[in-house]
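**Student:** here is the input, now give the coordinates:
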Amino acid sequence: MLFIPAQITAEEKKMNQQVVLLHGLARSKGSLGKMEKRLQDCGYNTCNISYPSTKYSIDKLVFDYIIPDIEKCIKNSDKTVNFVTHSMGGIIVRCLAKRKLNFNIGRVVMLSPPNKGSEVVDKLGDMWLFNLMNGPAGKELGTGENSIPNILGPASFEVGIITGDKSINWILSTMISGKNDGKVSVERARLEGMADFIVIPATHPFIMKNETAIEQTLFFLKHGKFKHD
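**Tutor:** Residues are numbered from 1 along each chain as shown. Down below sits the predicted model:
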């Protein structure tokens, strides 16, 4: 499904709307470059944060990297911050929502978030190579009841979730129950309290570059819901 997203009005541009982009595990801010450009074209002020996702635990990443970078970014702008996230970036926003912050969380669009963890972590998390590639944070993304995604609880902010049901890694897909994007099942992307949810034909590594995902992200940030047929 493709459509032309409505551009925000001149009045909305004056509102100085802020969007923070958070990349996923073992990725960089460059992975969200296309998304950031489209957000800027629609008048949003963006802050595309790069953080060492494979070096530290999720808590340390939140406190030592994410929060300080967001506060620097919004110093002279609105104190309500919208988010666009990929994969683990969505879990980071859920962690932020549990903290006392100097800003308010506005609308959030999560792309392929492991909101209930990933079976891939359950199967491979104890392997040396997995830990080398994904670090402490990666191991925290399993499906167990005490994993970070599963102890954070329902959404306390307005969130729309976009996930994919195509995979380019059939080996990892065999570890996952039901439809999946090669890393996260469609069912485990869901989050209690979410405002909207859609599934598109996209893969986990590239969903943030998918045209439908970008257009739906813009639509949700403007309307608080996705465009459904």
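**Student:** give the buried residues for stretch 82-98.
**Tutor:** Along stretch 82-98, these residues count as buried under the neighbour rule (16 or more other C-beta atoms under 10 Å): 82-97. C-beta here means a position set from N, CA and C on the backbone, and glycine is covered the same way.
**Student:** check stretch 203-217 too.
**Tutor:** Buried, per 16+ other C-beta under 10 Å, within stretch 203-217: 203-210, 212-217.
**Student:** tell me which residues are up against it.
**Tutor:** Residues outside stretch 203-217 that contact it (C-beta atoms under 8 Å, 6 or more residues apart in numbering): 1-5, 31-32, 34-35, 38, 84, 86-87, 109, 111-112, 160, 162-164, 166-168, 181-184, 198, 200, 202, 226-227.
**Student:** let's see that with 6 Å instead.
**Tutor:** When contacts are defined by C-beta atoms under 6 Å, 6 or more residues apart in numbering, stretch 203-217 is touched by residues 1, 3, 5, 32, 34-35, 38, 84, 86, 109, 111-112, 162, 164, 166-168, 181-183, 200, 202, 226.
**Student:** quickly list what the residue nearest to the spatial centre of the chain is bridged to.
**Tutor:** Centroid-nearest residue in the chain, with C-alpha atoms, centre = their mean: Thr85, separated by 2.5 Å. Each beta-bridge partner of Thr85 is listed here, defined by DSSP bridges: Leu22, Met110.
**Student:** does it really touch Leu22, like I thought?
**Tutor:** Yes - judged on C-beta atoms under 6 Å, Thr85 makes contact with Leu22 at a distance of 4.5 Å.
**Student:** can you read off the pLDDT for Lys222?
**Tutor:** Reading off the per-residue confidence, Lys222 sits at a pLDDT of 96.
**Student:** Lys75 too?
**Tutor:** Reading off the confidence values, Lys75 has pLDDT 70.
**Student:** can you check the one 5 residues further on too?
**Tutor:** The score at Thr80 is 92. That number is its pLDDT.
**Student:** ranking helices and strands of this protein by mean pLDDT, which lands last?
**Tutor:** Among the helical and strand segments of the chain, the one scoring lowest on mean pLDDT, DSSP states H and E is helix 10-14, with a mean of 47.
**Student:** how much space between the residue nearest to Ser156 when sequence neighbours are not counted and Cys42?
**Tutor:** Residue nearest to Ser156 in three dimensions, not counting chain neighbours: Ala97, with 5.2 Å by C-beta to C-beta, 6 or more residues apart in numbering. Between Ala97 and Cys42 the computed distance is 25 Å (C-beta to C-beta, to the nearest Å).
**Student:** now His86
**Tutor:** 19 Å.
**Student:** what about the helices in the chain?
**Tutor:** With DSSP state H as the definition, the chain shows helices at residue ranges 10-14, 33-41, 58-61, 67-73, 88-96, 119-124, 128-139, 148-151, 170-173, 186-189, 211-223.
**Student:** out of these, the one nearest Ser50 is which?
**Tutor:** Distances from Ser50 to each of these were compared by C-beta to C-beta, and the smallest falls on helix 67-73, at 8.4 Å.
**Student:** for the closest one, buried residues please.
**Tutor:** In helix 67-73, the ones that count as buried by 16+ other C-beta under 10 Å are Ile67, Asp69, Ile70, Cys73.
**Student:** name the spans of this protein whose pLDDT lies under the cut-off.
**Tutor:** Along the chain, the parts satisfying pLDDT under 70 run over 1-16, 76-78.
**Student:** okay, now the closest residue to Ile198 other than its chain neighbours: neighbour count?
**Tutor:** Beyond its immediate neighbours in the sequence, the residue positioned closest to Ile198 (C-beta to C-beta, 6+ apart) is Phe226, lying 5.0 Å away. Neighbourhood size, Phe226 [other C-beta atoms under 10 Å]: 19.
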